[in-house]
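>>> make a model of this:
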Amino acid sequence: MKKVKTSSLFKITIALYLLIILFPFIWVAITSLRPEADIWGKNALNLSDAKFTLENYRLVFQTPILNSLKNSLIISSLTTLYVTFVASLGAYAIARLNFKFKKLLTVVVLAVSMFPQMIVIGPIYRIFIELGWTNSYYISLPYSNITLPVATFILITHFAQIPKEMEESATMDGSSKVNTFFKIVFPLAAPGVFTAAIIVFIGAWNEFLLSLTLNTNEAWRTATVNISFLRGQFEIYWGQVTAATMVVTIPTLIIVILFQKQIVSGLTSGALKE
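This is a model prediction of the structure:
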């Protein structure tokens, strides 16, 4: 009897938790389909007689949203490729090599990811001004500062689980360190690499502050920044904002839904295996 009550209570708790998590997304989706006049006022909470329209989406696609989505895709892809490669090398070195302060370095790598962007945005902006890199895809370089530590930390656990005997066997067969890494170690760590790549891509896709500061030209804005400019002189077009939010969110949502098993497997496999 107690087990039944505990099971029911657990399910109710999970259901409530999911409702709390999903409610903002559901409300944004509903708001994006409502006329601007109905979003505020007496009709805001009245969904029984709500009128739904695609007008907000039509207006959004008259803005440079497609160009900003292209910018986000290119910058996120460049960041993902760069971070995955560098994080793989760094994580492999930490997992395999023996050197002083190894544990301290691992802690520092993770701690760097906790630094507020506001601390580094000033120096990065000055460097970009001096190099003439503002309003360009070079923004993917500082993007990597945000995602590289987390990707490295994820990959350390995966490289550490690969038996050293496999590398030693390849070395005895005449394989170089580089060849062993890319043909044996890297493929075996594929679940972790894949997970790290997805997390990096989503992190870069959602980034706002760096893009707002470094890419000020409308032609170079990313999708998240473009949403903040959907406003008039004295008002914010909330219907368009929510529609644009859905347009920007759906690609990452699809990625998570399609690859959720791989993401969970990649995040847990390194932690569960000794």
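>>> only C-alpha atoms from now on, for both contacts and neighbour counts.
Fine.
>>> for the stretch 101-250 of the chain, what spans make up the helices?
Secondary structure of the stretch 101-250 of the chain by DSSP state H, counting those that start in this stretch: the helices cover 102-112, 117-131, 140-161, 164-172, 177-180, 186-188, 190-206, 209-214, 223-228, 238-258.
>>> closest to residue 69 out of those?
When the helices of the stretch 101-250 of the chain are compared by Cα to Cα, helix 223-228 sits nearest residue 69, at 5.1 Å.
>>> flag every buried residue along the closest one.
Buried positions in helix 223-228, judged by neighbour count with 16 or more other Cα atoms under 10 Å: 223, 224, 225, 226, 227.
>>> stretch 99-117 too?
Judged by neighbour count using 16+ other Cα under 10 Å, the buried positions of stretch 99-117 are 106, 109, 110, 113.
>>> quick one on the thing from earlier: could I get the helices of the stretch 101-250 of the chain as a markdown table with distance to residue 84 and mean pLDDT?
Putting the helices of the stretch 101-250 of the chain into a markdown table (distance: least, Cα to Cα, whole Å; pLDDT from 0 to 100) gives the following:
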| stretch | distance to residue 84 | mean pLDDT |
| --- | --- | --- |
| helix 102-112 | 15 | 79 |
| helix 117-131 | 21 | 89 |
| helix 140-161 | 7 | 86 |
| helix 164-172 | 21 | 80 |
| helix 177-180 | 16 | 82 |
| helix 186-188 | 11 | 83 |
| helix 190-206 | 6 | 89 |
| helix 209-214 | 20 | 91 |
| helix 223-228 | 23 | 92 |
| helix 238-258 | 17 | 90 |
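>>> can you add distance to residue 76 and give those back as CSV?
Putting those into CSV (distance: least, Cα to Cα, whole Å) gives the following:
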stretch, distance to residue 76
helix 102-112, 20
helix 117-131, 17
helix 140-161, 7
helix 164-172, 33
helix 177-180, 27
helix 186-188, 22
helix 190-206, 5
helix 209-214, 12
helix 223-228, 11
helix 238-258, 11
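>>> nearest to residue 15 among the ones you listed would be which one?
helix 238-258 (18.9 Å).
>>> contacts for that closest one, please.
Applying Cα atoms under 8 Å, 6 or more residues apart in numbering, the contact partners of helix 238-258 are 28-29, 31-36, 39, 56-57, 59-60, 65, 69, 202, 223-224, 227-228, 230, 263.
>>> among these, which are in helices?
28-29, 31-32, 36, 39, 56-57, 59-60, 65, 69, 202, 223-224, 227-228, 263 (DSSP state H).
>>> between the helices of the stretch 101-250 of the chain, which gets nearest to residue 90?
Nearest of those (Cα to Cα): helix 140-161, 6.7 Å.
>>> what's the closest one packed up against?
Judged by 3 or more Cα pairs under 8 Å, 6 or more residues apart in numbering; DSSP states H and E, helix 140-161 is in contact with helix 65-96, helix 102-112, helix 190-206, helix 260-272.
>>> need these in a markdown table (columns: distance to residue 159).
Formatted as a markdown table, the helices and strands packed on helix 140-161 follow (distance: least, Cα to Cα, whole Å):
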| stretch | distance to residue 159 |
| --- | --- |
| helix 65-96 | 6 |
| helix 102-112 | 14 |
| helix 190-206 | 9 |
| helix 260-272 | 8 |
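>>> appreciated, that's everything.
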